[in-house]
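Student: sequence and predicted model, in that order:
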Number of protein chains: 2
Amino acid sequence: MPTIQDVAKRAGVAPITVSRVINNSGYFSEETRERVEAAIAELGYVPNRLARGLRIKQTNTLALVLTDITNPFFTTLARGVEDAAGEAGFTVTFCNTDESEAKEQKYLEVFLQQQVDGILLVPAGSSPDSVHTAQKNGTPVVVIDRRVPDVSTDSVRCDSEAGAYKLVRLLQDLGHRRIAMLGGPEGISTADDRLAGYRRAMAEIGQTGNGDLVQSGSFTMSSGYEMVKTAVAKTPRPTAIFAANNFLAIGALRGLQDCGLRVPEDVALVGFDDLPPALTTFPFLTVAAQPAYDLAQIATKLLLARLAGEAPETCQEIILQTELIIRQSSGGSLIRNGGCDRSLE
Amino acid sequence: MPTIQDVAKRAGVAPITVSRVINNSGYFSEETRERVEAAIAELGYVPNRLARGLRIKQTNTLALVLTDITNPFFTTLARGVEDAAGEAGFTVTFCNTDESEAKEQKYLEVFLQQQVDGILLVPAGSSPDSVHTAQKNGTPVVVIDRRVPDVSTDSVRCDSEAGAYKLVRLLQDLGHRRIAMLGGPEGISTADDRLAGYRRAMAEIGQTGNGDLVQSGSFTMSSGYEMVKTAVAKTPRPTAIFAANNFLAIGALRGLQDCGLRVPEDVALVGFDDLPPALTTFPFLTVAAQPAYDLAQIATKLLLARLAGEAPETCQEIILQTELIIRQSSGGSLIRNGGCDRSLE
DNA sequence: TGTTAATATGGTAACGTTACCATATATATT
DNA sequence: AATATATATGGTAACGTTACCATATTAACA
């Protein structure tokens, strides 16, 4: 492969002059530019970003660490990150941690070795280790979607507590009193916050000890399936179910079907995280929807601003609100757009 | 940040010895390993992969170029690629081309500059330029999902023609004769092949010139929405619709609902590409499903084998079959698992 | 006209690694 | 005892770029 030296020789200039033309920096004449560009084209020269990065200590690369890109919330997030990064001339490297802190640490180490300029992190657990590791390395981190305790870092997320509260209040307004909670993993802030929102709403109707109504599992369809079966086996049966994320909700839906229970006639069901309209044959689930794409764009732009030294000194903590989307699955008379949700994007 | 020199000094050895310990290559004593590892830990040393890559001409990085990661087919693909790559110690950088060959070229250039070891490419168009560019650079490419004419390259995809043929034959077996085709962009092999499969099936029932039944658009929900409206405005109205991908099918579903047409009672509908069970509240669409995850794993392993010099000299062309999944939307008496599709994965 | 500033270009070294060769000791083989 | 081999370690240069400083020419200004 030709190097900048080869181009320089061919164009009859010094390597540094070729560098100037490529990066459009410093001074060079129009004639020199043409000769250099001709040489580049003739040789099929491709600048080596490793060498460049080694020298200038910047790679124009961001790392995106998330738990599972197949979750449409994270898919949309990834798209938002890549769009914002690409626009700024940055490239995105990603990985799936599957909620494993060990995997997270391993990948993080690799990304630091690769000298990524910044990291967008959806933390797998509640340990601040990953953030500390990156910060010790001098690599800026923006934590997305989840809180991490005991670290000062930029972070962008939704208000899960308020979103959960709104959903449960909706169910209560529809007359439900026995509302079961299918929660996510303890220690994950989104799971904890949604549980807190549930508890706050339940406390308001005088149910403070709702122990037998609350379960926690993992953010998976099978977990939702299992938990919902346990939930509806209780006597008296809950009249409504709150699933703490999209996968849990779909698992719950399957579980209820298997038990011969109709939604919402026999049991009402609400979930967290919407499915993108492009994926839903029938919009049906009442949910608290998080603006995943916006969240990603905001987080990425914050990170890029940080890299450019344009962000405020202090850590930014940006919290977006969820949108309550009422469809059929919650039942009752509050149905607004269930089944008629035909937005094309 | 400490370098290998600093570690060497601290451990009282030469840099090259530290390198040996880190990479577990060559000879070194147990005692040396301990001293080096201690020094690494004390200094918080992080090896610089840019320098390493520059020297050994390998980055353990793959590029994944696809059109839109929000399409669940590509989401699953991305997951499969990352799983296979991660297992082999490779990292994945990705981008969305949005079916633009210009974007594709631009990203490809950047990835080559970054010295990625290999490229997994879902080509945005029918131009072989991207593949040629990479090959001229000496970077192996595996083309996924789509054919590219006039290049010899590894490629892994599904048999779109056969899948489309199966779907249309199904509709015919259900008694349909006027079957409208909502196609993808001309020049994209999957779109062309699905159209070809449609035509082959239609020819078999004596309909060779099915001009007014065929439309082509883009692989988007809005395109499906528009095209289906045009399709059902024809007289006599088609009794069945074949949408060439998942987004088109969902757009078509919305369009039919807006026209007051019921699926499948008034119009039957079939699509290409399934939605993952974790995303579908109601499995409803009859589809030809592509094994996206397997496809990705096969493609990535082929690429890694190629990098390791373990792949056969000649270009590999691997073609998987689609699975016909019959649900409610196709109507008729052949319903096998519509609405009762409760697989948990 | 002399001085300053903008323009244009290049030489040398450095970024942090590892390949290659060299050296030295310890062990095994004939 | 002489030779070959395995083990252990290091010196030097190179990977391909750009920062820094230096130099030379031209244009602008007082």
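Tutor: Okay, I see it.
Student: from here on, contacts and neighbour counts on C-alpha atoms
Tutor: OK.
Student: which parts of the stretch 51-200 of chain A sit against chain B?
Tutor: Counting by C-alpha under 8 Å from any C-alpha of the partner chain, the stretch 51-200 of chain A comes close to chain B at A:51, A:53-54, A:68-70, A:72, A:75-76, A:78-79, A:82, A:91-96, A:109, A:112-115, A:137.
Student: which of these are close to DNA strand C?
Tutor: Among these, the residues that sit close to DNA strand C (C-alpha under 7 Å from any atom of the strand) are A:51, A:54.
Student: what about the residues of the stretch 51-200 of chain A next to chain B, which are in helices?
Tutor: Of the positions in those, A:51, A:53-54, A:72, A:75-76, A:78-79, A:82, A:109, A:112-113 sit in helices, assigned by DSSP state H.
Student: could you work out the most separated pair of those?
Tutor: The distance between the two most remote of these (C-alpha to C-alpha) is 36.9 Å, for A:Ala51 and A:Pro72.
Student: these two: which is more packed in?
Tutor: A:Pro72 (25 against 18; other C-alpha atoms under 10 Å in any protein chain shown).
Student: any figure for the gap between that one and DNA strand D?
Tutor: Here A:Pro72 is placed at a distance of 38 Å from DNA strand D (C-alpha to the nearest atom of the strand, to the nearest Å).
Student: show me what contacts that residue?
Tutor: By C-alpha atoms under 8 Å, 6 or more residues apart in numbering or on different chains, the contact set of A:Pro72 is A:275-276, B:70.
Student: any idea how far it lies from B:Thr220?
Tutor: Distance check for A:Pro72 against B:Thr220: by C-alpha to C-alpha, to the nearest Å, it reads 17 Å.
Student: same deal with A:Gln113?
Tutor: 39 Å.
Student: show me where the stretch 101-250 of chain A has strands.
Tutor: With DSSP state E, counting those that start in this stretch as the definition, the stretch 101-250 of chain A shows strands at residue ranges A:118-121, A:141-144, A:154-158, A:179-183, A:214-216, A:240-243.
Student: would you turn those strands into a markdown table with mean pLDDT and mean neighbour count?
Tutor: Shown next, in a markdown table, are the strands of the stretch 101-250 of chain A (pLDDT from 0 to 100; neighbours: other C-alpha atoms under 10 Å in any protein chain shown):
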| stretch | mean pLDDT | mean neighbour count |
| --- | --- | --- |
| strand A:118-121 | 98 | 25 |
| strand A:141-144 | 98 | 25 |
| strand A:154-158 | 98 | 23 |
| strand A:179-183 | 97 | 27 |
| strand A:214-216 | 97 | 18 |
| strand A:240-243 | 98 | 29 |
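Student: nearest to B:Pro185, out of those strands?
Tutor: Closest among the strands of the stretch 101-250 of chain A, using C-alpha to C-alpha: strand A:118-121, at 34.6 Å.
Student: who does that closest one touch, helix- and strand-wise?
Tutor: Counting by 3 or more C-alpha pairs under 8 Å, 6 or more residues apart in numbering or on different chains; DSSP states H and E, the packing neighbours recorded for strand A:118-121 are strand A:61-66, strand A:141-144, helix A:292-307.
Student: now render those as TSV, adding distance to DNA strand C.
Tutor: Below are those laid out as TSV (distance: least, C-alpha to the nearest atom of the strand, whole Å):
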stretch	distance to DNA strand C
strand A:61-66	17
strand A:141-144	21
helix A:292-307	18
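Student: got the contact list for whatever residue of the stretch 151-300 of chain A ends up closest to DNA strand C?
Tutor: Here the residue of the stretch 151-300 of chain A nearest DNA strand C is A:Thr153; by C-alpha to the nearest atom of the strand that distance is 24.9 Å. Neighbour list for A:Thr153: A:131, A:141-143, A:315-316 [criterion: C-alpha under 8 Å, 6+ apart].
Student: cool, A:Ala180 as well?
Tutor: Taking C-alpha under 8 Å, 6+ apart, we find A:Ala180 in contact with A:213-214, A:231, A:238, A:240-242.
Student: give me the subset of those residues touching chain B.
Tutor: Answer for these near chain B: none qualify (C-alpha under 8 Å from any C-alpha).
Student: A:Pro312: neighbouring residues, count only.
Tutor: By other C-alpha under 10 Å, neighbour count at A:Pro312 equals 10.
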